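In: what follows is a predicted protein model with its sequence.
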Amino acid sequence: MSEERIESILVQVSKLSSMRPNCDVGLIGLAVMGQNLVLNMVDHGFRVAVFNRTYARTKSFMERCAVEPCGSNVSAFETLDSFIESLKRPRKVVMLVQAGAATEAIIQAVLPLLDEGDVLIDGGNALWSDTVCREKELAGKGIHFIGSGVSGGELGARFGPSLMPGGSKEAWALLEPIWVAIAAKVDSDTGQPIEGAQPGEPVTDGEACTTYVGADGAGHYVKMVHNGIEYVDMQLICEAFQLMKELLQMSPDEMSVTFRGWNEGELNSFLIEITADILQQRDYGDEDHFLVDRILDAAGQKGTGKWSSQSALDLGSPASAMAEAVFARCLSAQKDERVTASKLFDNPKLPPVTGEQKELLIAAVRDALYCSKICAYAQGFALMGEAAKEYGWNLNFANLAKIFRGGCIIRARFLQKITEAYQKQDDLSNLILDPYFTGQLKERQSGWRKVVSLAAEAGVSCPAFMAALAYFDGYRSATLPANLLQAQRDYFGAHTYERTDAPRGQSFHTDWPNPMRPQQKI
C-alpha cells in the first residue's frame, strides 16, 4: 500500500473519529506489545483509538491494520487532544510505554486532557512503588489509575495475555469487560489453556486469566514477582541443560527430545516447550551446527528480577533461588573474566556416565528440576504473602495462581496444583506444607541431592539448584545454627538474644568475656 494511500486513510479516519467520541478504549505506545494488544481488543469487538509519540510508527501500524484487517475499528491520531476526544466517557486510556521517565511524561501530557472519572491504565513493567504514588496522586484529581501487569510477550498480547490489574475497585469495574475479553482463557477444571479453533481466532470460552489483584501497586507488585519466578524457572532449565551437556555429553537434539518428553508430564510448561524447540534449531545456513551453541553465553535483564530480590530483602522473606537467578545473569555477563579464569582451573574429572546410569541420571535431573521449581514458586508466593501483610493488600493466592495458568511466560501445568492448594487452605503459609507438594518433595529429593552433589564434584555451576535445595533443607529444619549467630551478635554488639527456656519476646544479654558473669534479662 502506498504512503499516499495510508495518509489518505489516516486523514479520513481522524475526521470521522473527531466528529463524535466513538472509541471504547485508547492505547498509547505502538511498539510490538502495544500493536498486538490493539489487534487483540479489535478481535473482541472493541473500537480502539491509537496514538504514538512518533507518527511514523502510527502510519506503519495502520498499514498493518489494512492487511490484518481491522476495518474501521482502529482510529489513529496525530495529536493527544484528538486522541482523547475520540474516547467514550468515562475514558479508558492504556499506556504501553517504557517504564520510568517515558511513562511519567505520558501521564503528565495526558492528565490535563482527562475528566473526573476517567481511567488511566499503565500496562508497562513499572516499579510497583511508583504505581502507588501515581495512583494516590491521580485519585486526588478525580482520575482513576490502574497499574496492570501484562505477561505473555508479543504472542500473548496478540492472542491472550495474563493480566494483573491493581487499583481501586471502581476503576477495575470500568476496565474489567475489556481485560476479561482479551485475556487468555483456560479450562476451569484442568487449568489447561484454550486455543481458538483456527490460528488467531478469538477465544471466548473458559476462565479468563485476569482478576482484580488489589489496591494501588498490588498489580505491578504481583507482575514483578511473576517475573522473579520467571528468572528462576529459566535459570533452573538452563542448569538442567548444562548438567546434561557437561555430565552426560548429550547433544542439543538429544536434549530436545528429553525436554519434549518432560513436557508431557508434570513439568509441562511454556518454558519447557520452547526449550525443546530451541535445542533442535540448526544454525541458519549451516545445518551441521546447532544455533544454541553459537549464541553468546552472556544474559541480559531488564530489572524486575532484581526488584523482586530487593523486595525480598526489604521484607525479610527468603527468596534465595530468585536472587541466585539474578546473580547468575550478572555472572554470565562477565564473559571475558570467566574465560580468563577458565584457563587457570581444571574441572574435576569424573568417569563417563553411560547406559542405565545415564537414564537414571536424566531422571534425577528431572526430579531436581521439579523440586527446585516447587521451592522457587514457594518463595515467590511467600514473598507476595509478606508484601500483602506489609502493604495492606488482600491478595487471593488461588486466584493469582489461576491467572498464571495461561497467557503468561510461567504458565505451567503444576499451577493447577498451586491453585488447588490455596483453594483448600487460603492461609497456607508455604507451598511446601501442602500435602501434594510435600509428597512430591519426599519422593524426588534423593535425585535432587544426587544431582547437586554430582554438580559440585564435577565443577558444574548450578546456583539455583543449590540455593533451592539449601532453602528446602533450611525450611524443614527445626533447629538452625542461628543460636550461635545470635550469641556472636550479642558478644560484639550487645544485640541480645532469646532463650529456649523463656517465653518468646523476652531478651537477654551476657557479658561474654566473663563466662561466670550472670545473664541479664533485658
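Out: Structure's in. What do you need? Numbering: from 1, shown residues only.
In: can you pull out the low-pLDDT segments for the protein?
Out: Where the chain drops to pLDDT under 70, the residues are 1-20, 196-201, 515, 517-518.
In: give me the longest helix you can find in it.
Out: For the chain, the longest helix by residue count, based on DSSP state H, is helix 355-391.
In: elements contacting that one?
Out: Helices and strands touching helix 355-391, by 3 or more Cβ pairs under 8 Å, 6 or more residues apart in numbering; DSSP states H and E, are helix 218-246, helix 252-262, helix 304-315, helix 320-332, helix 397-403, helix 435-458, helix 463-475. Every residue, glycine included, has its C-beta placed from N, CA and C.
In: mind checking how far it is from the chain centre?
Out: Helix 355-391 sits 15 Å away from the centroid of its parent chain (Cα atoms, centre = their mean, to the nearest Å).
In: so which bits of it are buried?
Out: For helix 355-391, the neighbour count (16 or more other Cβ atoms under 10 Å) marks 358, 361-362, 364-388, 391 as buried.
In: pretty sure Leu87 sits against Phe46.
Out: No - Leu87 is beyond contact range of Phe46, at 11.5 Å (criterion: Cβ atoms under 8 Å).
In: and these two? Which one has more around it.
Out: The neighbour comparison of Leu87 against Phe46 (other Cβ atoms under 10 Å) goes to Leu87, with 24 against 19.
In: tell me the contacts of that one?
Out: Going by Cβ atoms under 8 Å, 6 or more residues apart in numbering, Leu87 touches 21, 23-26, 49, 93.
In: closest one of the residues you listed to Trp172?
Out: Minimum distance to Trp172 across the contacts of Leu87 is 14.4 Å, recorded for Val25 (Cβ to Cβ).
In: please report the distance of the closest one from Glu266.
Out: According to Cβ to Cβ, to the nearest Å, Val25 and Glu266 sit 39 Å apart.
In: those two: who's more crowded?
Out: Taking neighbours as other Cβ under 10 Å, Val25 and Glu266 compare with Val25 leading, 23 against 15.
In: quick check: that one vs Met234, distance?
Out: Applying Cβ to Cβ, the value for Val25 to Met234 is 33 Å.
In: ok, Gly285 next?
Out: When Cβ to Cβ is the yardstick, Gly285 and Met234 sit 28 Å from each other.
In: residue ranges for the helices of the stretch 51-200 of the chain, please.
Out: Under the criterion DSSP state H, counting those that start in this stretch, helices of the stretch 51-200 of the chain are mapped to 55-67, 80-85, 101-110, 128-139, 153-159, 169-182.
In: would you mark the buried spots in stretch 258-272?
Out: In terms of neighbour count (16+ other Cβ under 10 Å), stretch 258-272 has its buried residues at 258-260, 262-263, 267, 269-272.
In: any idea which of these is closest to Lys302?
Out: Of all the buried residues of stretch 258-272, Leu271 has the smallest distance to Lys302: 17.1 Å, by Cβ to Cβ.
In: what about that closest one, which SS state?
Out: In three-state terms, and counting by DSSP: H, G, I helix; E, B strand; the rest coil, Leu271 is helix.
In: the buried residues of stretch 258-272: which two are farthest apart?
Out: Farthest pair in these, by Cβ to Cβ: Thr258 and Phe270, 17.3 Å.
In: of Gly285 and Met234, who's got more company?
Out: Met234 (20 against 6).
In: so who does the residue nearest the centre of the chain touch?
Out: When Cα atoms, centre = their mean is applied to the chain, the residue found nearest the centroid is Asn227 (2.4 Å). For Asn227, the contact set (Cβ under 8 Å, 6+ apart) comprises 125, 151, 304-305, 308.
In: try 7 Å this time
Out: By Cβ atoms under 7 Å, 6 or more residues apart in numbering, Asn227 lies in contact with 304-305, 308.
In: what of Tyr377?
Out: Counting by Cβ under 7 Å, 6+ apart, Tyr377 makes contact with 229, 418, 431.
In: so Ser269 makes contact with Ala412?
Out: Yes - assessed by Cβ atoms under 7 Å, Ser269 is found in contact with Ala412 at 3.4 Å.
In: Ala184: what's its closest spatial neighbour, skipping adjacent residues?
Out: Closest residue to Ala184 apart from its sequence neighbours, by Cβ to Cβ, 6 or more residues apart in numbering: Gly407 at 2.9 Å.
In: which element is that neighbour on?
Out: Using DSSP states H and E, Gly407 sits within no helix or strand.
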